[in-house]
Structures are given as C-alpha cells and as structure tokens.
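[1] Turn this into a model:
(2 chains)
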Amino acid sequence: KQEVTQIPAALSVPEGENLVLNCSFTDSAIYNLQWFRQDPGKGLTSLLLIQSSQREQTSGRLNASLDKSSGRSTLYIAASQPGDSATYLCAVRSSNTGKLIFGQGTTLQVKP
Amino acid sequence: DVKVTQSSRYLVKRTGEKVFLECVQDMDHENMFWYRQDPGLGLRLIYFSYDVKMKEKGDIPEGYSVSREKKERFSLILESASTNQTSMYLCASSTTGDLTEAFFGQGTRLTVV
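    I've put the predicted structure just below:
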C-alpha cells in the first residue's frame, strides 16, 4: 500500500530565507507527483506537477525535484515571503490503482 | 480556467439525515475523487470514479456511497449522517495517465449535529 510522508510537519522561518520541504513515498509505481498549497479553510491549489519521467519542475520561486527510485521529492522555495505561509501537500498518483495519495502536509509560517 | 465546483461551502445537517454533496467539473475529466480532511489525519480518499457509472472504494468508504451518472458530476452520499462524519469534504478531478494534474474544488465544511 502506497504511503506518503512529509517532513517536517511544521516550519517557521524569517522572511527571505530559502527553504526545503520533503516528501517521501513507499511505492515507486507512480504516474506523477504533485505539490499543492492549502490556505486555512480553503481547497487545494496545484503548484507543480512532476511526471514520473521528469527530474524537476520550476515555477517562479518554486522548484520541485523527483527521485523516483529512492521515493523522494523536495519542494524548494526561494526567498520566502509572508504570503507563502500555508500548508503544503504532496500527492502521488499510483500507476497501479489510479489513486491520488496524500502526505499529511507541512505547515509553513514565514515571519515578516 | 479549469473549474471544479462543490455545491455548498458550509452545510449543517442532523444525525440520521441523508446528505448529498455535489461536485461538478467542466474539464471533461475522466477521473473524479472525494476526500475528507481532518486535523492530524490529512486527506483520506473516500471514493474515486474513473469513468461514468464506474467507482472504486478508497481508504475510508464506510458510511458513504457515490453516484456518477454523468461525466461532469460526482455525488457523495452520506446514507445516515453521524457526528463522526463532521469534516471538510474535498472533491477533485483529473485526466488519466502521466499528465494527469488534479484540480480541487473549494471544499464543503459539513457539520453533523
């Protein structure tokens, strides 16, 4: 059974810092991995999608990497801002079952 | 712009009521998902559907059923609502395969009293 783990569960940093969020998964049979952002009480917003054949994707200050063989992904946020404060979730799409399985998220606070 | 719309933002229902949560997508996606999200437990998959009239159980299907009569609409049904079904419910849709980016609705906060 696919399991997705995110470390750390919570993170607090001063504005301007670069930071890395980690995601690991147990089964490498995936179509892709997706990173989401969730603001309190809201739905999920897609940030980046990495296909299983790709190593990384970039969007603005965000860079996500994928090492499928080791079951790891990282989300790198450059020059963090208070507006980046949110919960970040990673999810893998199983190529065996089609299910989209989530980690429990990392709650980020960026202090001005 | 892609869009997944959930019928209600907030809902309050009584114990024992039959509750319908509706989700509509306008992207002609084959796959649709229902999750519930609870503090400390993350997002847990209830059911998903990979085509019209097709469904698969997720990790926590007990107490729920689903209906997908049309491609764009996926309904979650609580047959007899209970207080432990108080939660945030999230609907998502996606295409099939490697390029399958998932898009989420805004969520429905259901309270069962």
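
[2] Tell me the confidence at A:Gly43?
    In this prediction, A:Gly43 carries a pLDDT score of 89.

[3] Next one: the residue lying closest to B:Gly42 once chain neighbours are set aside from A:Pro112, what distance?
    Closest residue to B:Gly42 apart from its sequence neighbours, by Cβ to Cβ, 6 or more residues apart in numbering or on different chains: A:Gln104 at 3.8 Å. (Each C-beta comes from the backbone N, C-alpha and C, glycine too.) Distance of A:Gln104 to A:Pro112, computed by Cβ to Cβ, to the nearest Å: 27 Å.

[4] If you count surrounding residues, which of those two has more?
    A:Gln104 (17 against 7; other Cβ atoms under 10 Å in any protein chain shown).

[5] Would you mind naming what in chain B lies close to chain A?
    Contacts of chain B with chain A, taken as Cβ under 8 Å from any Cβ of the partner chain, map to B:31, B:33, B:35, B:40-43, B:45, B:48, B:50, B:56, B:58, B:88, B:90, B:92, B:94, B:96-107, B:109.

[6] quick one: the strands in chain A?
    Under the criterion DSSP state E, strands of chain A are mapped to A:4-7, A:10-14, A:19-25, A:30-38, A:44-51, A:56-59, A:62-67, A:72-77, A:86-94, A:100-102, A:106-111.

[7] Can you give me the buried ones in the first one?
    By neighbour count with 16 or more other Cβ atoms under 10 Å in any protein chain shown, strand A:4-7 contains the buried residues A:Val4, A:Gln6.
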